[in-house]
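J.: predicted coordinates and the sequence they were generated for:
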Amino acid sequence: MEEIQEGRIVYHELGKYGVQILKTNEIVEACPSGNVKKKKNILVGDQVKIKKSYDQYVIYEVLERKNELIRPPVANISQMIIVLSLSHPSPDYMLLDKELILCFAKGIKPVIVVNKMDYLEQDETLSLEIEYIYKVYQKMNIPCVFTSVKNSAGIQELKGLLSGEISAFSGNSGVGKSSIIKEMISDQDIQIGDIGKKTGHGKHTTKHIRLYEINNTSFILDTPGFSSYELYDISYKDLKEYYPDFKEYHCDFKDCNHVTEGENVCAIKRKVALDEVFQKRYERYVYLYQKLKEMEDKKYKK
């Protein structure tokens, strides 16, 4: 009788799953059993039990997940590396806020990476972006790493933060996610796209969701899907729970949503007026609150 082994799904291509056997680190191709197909979709990042049947490995059990993302479809992520670029393209703070909400909702540790720091040499006004990131996001005790693939700045610091984690890389097209990954694991084949001459944006180069091993305890995902990320399973009523910078202030009413109430009862609005909560971050919160409420209202009207 073949030995039952535990493994981790590291890729999914053309109906086949790459499974890294935890005991030996060997990567084998496997197909799901009929029972597994019926019960559950298998995601990259899943921990599974496999056994060999004749000449084919078979996945016959998917172990309980710590978390699961729908878009992109991955599981058991412990850390999100959210990549912005200082310039070309400019930082997308709306996307950053959405990704942080995702992290706090799913129990994933966020790390903010500001890439293309070499542009600071050409335009000193970009230091205002760095100052904003420090004041708004480092205040929440989120690690911030400032990198440049051009001169390798910050790469080793970031690599140190990946130790013992399964980290997903996210961010807009063109911010340099794949370039940073390639710099850290140069011995593995990752396709890197050129910057489009007309648009100035990076081409979409990550074709498949894949888990890359740095060492026996550290893995990274480079995956499409986050640049168009939308909040999909969060109620507008719960949105404030994923803003740790709001939680240090106490409104007069426990169920205050920080949108419809007045300054006389809402501590967040009072702090915005005093510049202790940043106006732009608050405005992004209001936008997301209203959008989620609108989506929820439409759903119940059907």
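T.: Thanks, I have the structure now.
J.: can you get me a residue count around Gly262?
T.: By other Cβ atoms under 10 Å, the residues close to Gly262 number 8. From N, CA and C alone the C-beta is placed, and that goes for glycine too.
J.: name the SS class of it, please.
T.: Put simply, Gly262 is coil when judged by DSSP: H, G, I helix; E, B strand; the rest coil.
J.: swap in Tyr132?
T.: Here Tyr132 is recorded as helix under three-state DSSP.
J.: cool, and Val58?
T.: Assigned by three-state DSSP, the conformation of Val58 is strand.
J.: is it in a bridge, and if so with what?
T.: Beta bridges link Val58 to Cys31, Lys51 when assigned by DSSP bridges.
J.: now do it against Val28, distance only.
T.: 11 Å (Cβ to Cβ, to the nearest Å).
J.: quickly list what's touching both of these two.
T.: In terms of Cβ atoms under 8 Å, 6 or more residues apart in numbering, Val58 and Val28 are both contacted by the residues Ile50.
J.: any idea how the protein splits into domains?
T.: According to automatic domain parsing, the chain comprises the domains 5-62, 68-222, 239-301.
J.: so for Asp233, which of the ones you listed sits nearest?
T.: Smallest distance to Asp233 across these (Cβ to Cβ): 7.3 Å, for domain 68-222.
J.: okay, the domains of the chain in CSV with distance to Asp233 and mean pLDDT next?
T.: As requested, those are exported to CSV (distance: least, Cβ to Cβ, whole Å; pLDDT from 0 to 100):
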stretch, distance to Asp233, mean pLDDT
domain 5-62, 15, 90
domain 68-222, 7, 84
domain 239-301, 10, 93
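J.: tell me which of those is the most buried.
T.: Comparing those by mean neighbour count (mean count of other Cβ atoms under 10 Å), domain 68-222 comes out on top with a mean of 18.
J.: any idea how far that one is from the chain center?
T.: 9 Å (Cα atoms, centre = their mean, to the nearest Å).
J.: what of stretch 261-274?
T.: Relative to its parent chain, stretch 261-274 has a centroid offset of 31 Å by Cα atoms, centre = their mean.
J.: list of residues touching that stretch?
T.: By Cβ under 8 Å, 6+ apart, stretch 261-274 touches 246, 249-253, 256, 258, 277-279, 282.
J.: hey, where'd the strands end up in the stretch 1-150 of the chain?
T.: Using DSSP state E, counting those that start in this stretch, the strands of the stretch 1-150 of the chain run over 5-13, 16-21, 27-32, 47-53, 56-62, 68-69, 74-75, 79-85, 109-115, 144-146.
J.: could those strands go into JSON lines alongside distance to Lys159?
T.: As requested, the strands of the stretch 1-150 of the chain are exported to JSON lines (distance: least, Cβ to Cβ, whole Å):
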{"stretch": "strand 5-13", "distance to Lys159": "19"}
{"stretch": "strand 16-21", "distance to Lys159": "20"}
{"stretch": "strand 27-32", "distance to Lys159": "22"}
{"stretch": "strand 47-53", "distance to Lys159": "24"}
{"stretch": "strand 56-62", "distance to Lys159": "30"}
{"stretch": "strand 68-69", "distance to Lys159": "24"}
{"stretch": "strand 74-75", "distance to Lys159": "21"}
{"stretch": "strand 79-85", "distance to Lys159": "11"}
{"stretch": "strand 109-115", "distance to Lys159": "11"}
{"stretch": "strand 144-146", "distance to Lys159": "10"}
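J.: of all those, which lies closest to Glu296?
T.: Nearest to Glu296, of all the strands of the stretch 1-150 of the chain, is strand 68-69, at 20.5 Å by Cβ to Cβ.
J.: strand partners of that closest one, parallel vs antiparallel please.
T.: According to DSSP bridges, strand 68-69 has the following sheet partners: strand 74-75 (antiparallel).
J.: show me the contact partners of the strand it pairs with.
T.: Defining contact as Cβ under 8 Å, 6+ apart, one finds that strand 74-75 is touched by 43-46, 65-69, 168, 209, 221, 223.
J.: at 7 Å what do you get?
T.: Strand 74-75 is touched from outside by 43-46, 65, 67-68, 168, 209, 221, 223, with contacts defined as Cβ atoms under 7 Å, 6 or more residues apart in numbering.
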